[in-house]
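> Provided below for reference: sequence and predicted model.
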Amino acid sequence: MKLNGEEEEKVVVGYALTSKKKKSFLKPNFIALARNKGIFFVAIDLNKPLLEQGPFDVVLHKDFRHKHPEVTILDPPDAIQHLLNRQSMLQNVAELNLSDCHGKVGVPQQLVITKNPSTIINEVTKAGMKLPLVAKPLVVDGSAKSHELCIAYDEVSLSKLEPPLVLQEFVNHGGLLFKIYIVGETIKVVRRFSLPNVSKHELLDVDGLFRLPRVSCAAASADDADLDPNIAEHPPRPLLERLARDLRCRLGLRLFNIDMIREHGTKDVFYVIDINYFPGYGKMPEYEHIFIDFLLSLVQNKCKKRDGT
């Protein structure tokens, strides 16, 4: 491989990933394809000083920026931290003004509960929130439990919840969720089956607390399903490009995905319900080629800056 027409180089990517993430992301065909492009993945030994390892061109995503400013860090831990708390996660979306981008993007009304579950009913009433409510763990720590949801259909079930958590008003969305993967400036959208609509009539017959595993897993893919076009149509491309660009700037991140729903019965009203750092890219179509192109662009841009071109 040649960068900027100069001598042949290889790109060394150091990584410190969980075994689960390594299995889903660093698949054999991906590693082989990357090697053919001059990209080599090297595991970072967490029991040894980073100074004794490398040198690395890109790091996923251990921070030794202060001692090695020449290395591209994906992504800064202080920026990642912003997405590990659902209280702050959606704040940047709420502050965006995308009204001129072929649609409207907002976030569901939400409430953070950190302490006594017996106060939840009063807090919900004070906030004027309507049932049903989706309860999510406040902290996103990468565990399966941090992605588990509960749906509370009545006030009694609210007191059974376990803080710290975030409550979000449930928005009917036709049982379909859009997972929008961001890799640098590349955007890839996939459809996932989600929670079905809930009517006011059904609420009269439903009570209790329903616990759900991760809703939008790859097994719930809806890309090949025969769906109502009014529900299945992707969000407008200009809207996604503007949303991704603004969030990249505000978050300071280049590897994340957005969970978005369309309010049922509308064409252009969308809600962002979650943002995840370094999601399961192995579930994204063509992720191997997209990610390799992204890594190469990072190194090429670094060379241009170094050479002043």
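Structure's in. What do you need?

> which residues in the stretch 51-200 of the chain form strands?
Counting by DSSP state E, counting those that start in this stretch, the stretch 51-200 of the chain has strands at residues 58-60, 72-74, 104-106, 110-113, 133-137, 149-152, 165-169, 176-183, 186-193.

> for Thr125, which of the ones you listed is the nearest?
Closest of those to Thr125 is strand 110-113, at 10.7 Å (criterion: CB to CB). (Glycine included, C-beta is placed from N, CA and C.)

> how about the strands of the stretch 51-200 of the chain in TSV, adding distance to Pro235 and mean neighbour count?
Converted to TSV, the strands of the stretch 51-200 of the chain look like this (distance: least, CB to CB, whole Å; neighbours: other CB atoms under 10 Å):
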stretch	distance to Pro235	mean neighbour count
strand 58-60	28	22
strand 72-74	26	19
strand 104-106	8	18
strand 110-113	21	18
strand 133-137	21	22
strand 149-152	22	20
strand 165-169	19	21
strand 176-183	6	22
strand 186-193	7	18
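
> where among these is average confidence lowest?
Ranked by mean pLDDT, the strands of the stretch 51-200 of the chain end with strand 72-74 at the bottom, a mean of 66.

> related to what we said a few turns ago, format the strands of the stretch 51-200 of the chain as JSON lines; extra columns: distance to Leu46.
Putting the strands of the stretch 51-200 of the chain into JSON lines (distance: least, CB to CB, whole Å) gives the following:
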{"stretch": "strand 58-60", "distance to Leu46": "13"}
{"stretch": "strand 72-74", "distance to Leu46": "16"}
{"stretch": "strand 104-106", "distance to Leu46": "39"}
{"stretch": "strand 110-113", "distance to Leu46": "32"}
{"stretch": "strand 133-137", "distance to Leu46": "26"}
{"stretch": "strand 149-152", "distance to Leu46": "32"}
{"stretch": "strand 165-169", "distance to Leu46": "31"}
{"stretch": "strand 176-183", "distance to Leu46": "25"}
{"stretch": "strand 186-193", "distance to Leu46": "30"}
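
> and these: which comes nearest Leu212?
strand 149-152 (4.6 Å).

> out of the strands of the stretch 51-200 of the chain, nearest to Ile231?
Of all those, strand 176-183 comes closest under CB to CB, at 5.3 Å.

> which residues are contacting the closest one?
187-194, 215-216, 222, 227, 231-232, 234-235, 240, 243-244, 247-248, 254-262, 273, 279, 281, 284, 287, 290-291, 294 (CB atoms under 8 Å, 6 or more residues apart in numbering).

> and the residues you listed, which of them are buried?
187-194, 215-216, 222, 227, 232, 235, 240, 243-244, 247-248, 254-262, 273, 279, 281, 284, 287, 290-291, 294 (16 or more other CB atoms under 10 Å).

> with adjacent residues omitted, what lies nearest to Asn92?
Leaving aside its chain neighbours, Asn92 sits nearest to Arg250 (4.3 Å; criterion: CB to CB, 6 or more residues apart in numbering).

> straight-line length of stretch 103-120, end to end?
34 Å (CA to CA, to the nearest Å).

> an error on my part: the question was meant for stretch 135-145.
12 Å.

> now tell me what touches that stretch from outside.
18, 83-87, 89, 112, 114, 146-152, 161, 163-168, 213-214, 274, 276.

> and what of stretch 30-44?
Under the contact criterion CB under 8 Å, 6+ apart, stretch 30-44 has outside partners 1, 8-16, 26, 50, 53-54, 56, 59, 62, 287-289, 291-292, 295-296.

> CA-only coordinates of it in PDB, if you can.
Provided in PDB are the C-alpha atoms of stretch 30-44 (Å, rounded to 0.1, in the frame of the first residue of the first chain):
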ATOM      1  CA  PHE A  30     -12.300  -8.800   8.100                       C
ATOM      2  CA  ILE A  31      -8.800  -9.300   9.400                       C
ATOM      3  CA  ALA A  32      -7.700 -10.900   6.100                       C
ATOM      4  CA  LEU A  33      -9.300  -8.200   4.000                       C
ATOM      5  CA  ALA A  34      -7.600  -5.500   6.100                       C
ATOM      6  CA  ARG A  35      -4.200  -7.200   5.800                       C
ATOM      7  CA  ASN A  36      -4.500  -7.200   2.100                       C
ATOM      8  CA  LYS A  37      -4.900  -3.400   2.300                       C
ATOM      9  CA  GLY A  38      -1.900  -3.100   4.600                       C
ATOM     10  CA  ILE A  39      -3.800  -2.800   7.900                       C
ATOM     11  CA  PHE A  40      -2.700  -5.000  10.800                       C
ATOM     12  CA  PHE A  41      -4.600  -5.300  14.100                       C
ATOM     13  CA  VAL A  42      -2.500  -5.800  17.300                       C
ATOM     14  CA  ALA A  43      -4.000  -6.600  20.700                       C
ATOM     15  CA  ILE A  44      -3.000  -4.200  23.500                       C
END
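
> and that stretch, what's buried?
Those would be 30, 34, 38-39, 41, 44, for stretch 30-44 by 16+ other CB under 10 Å.
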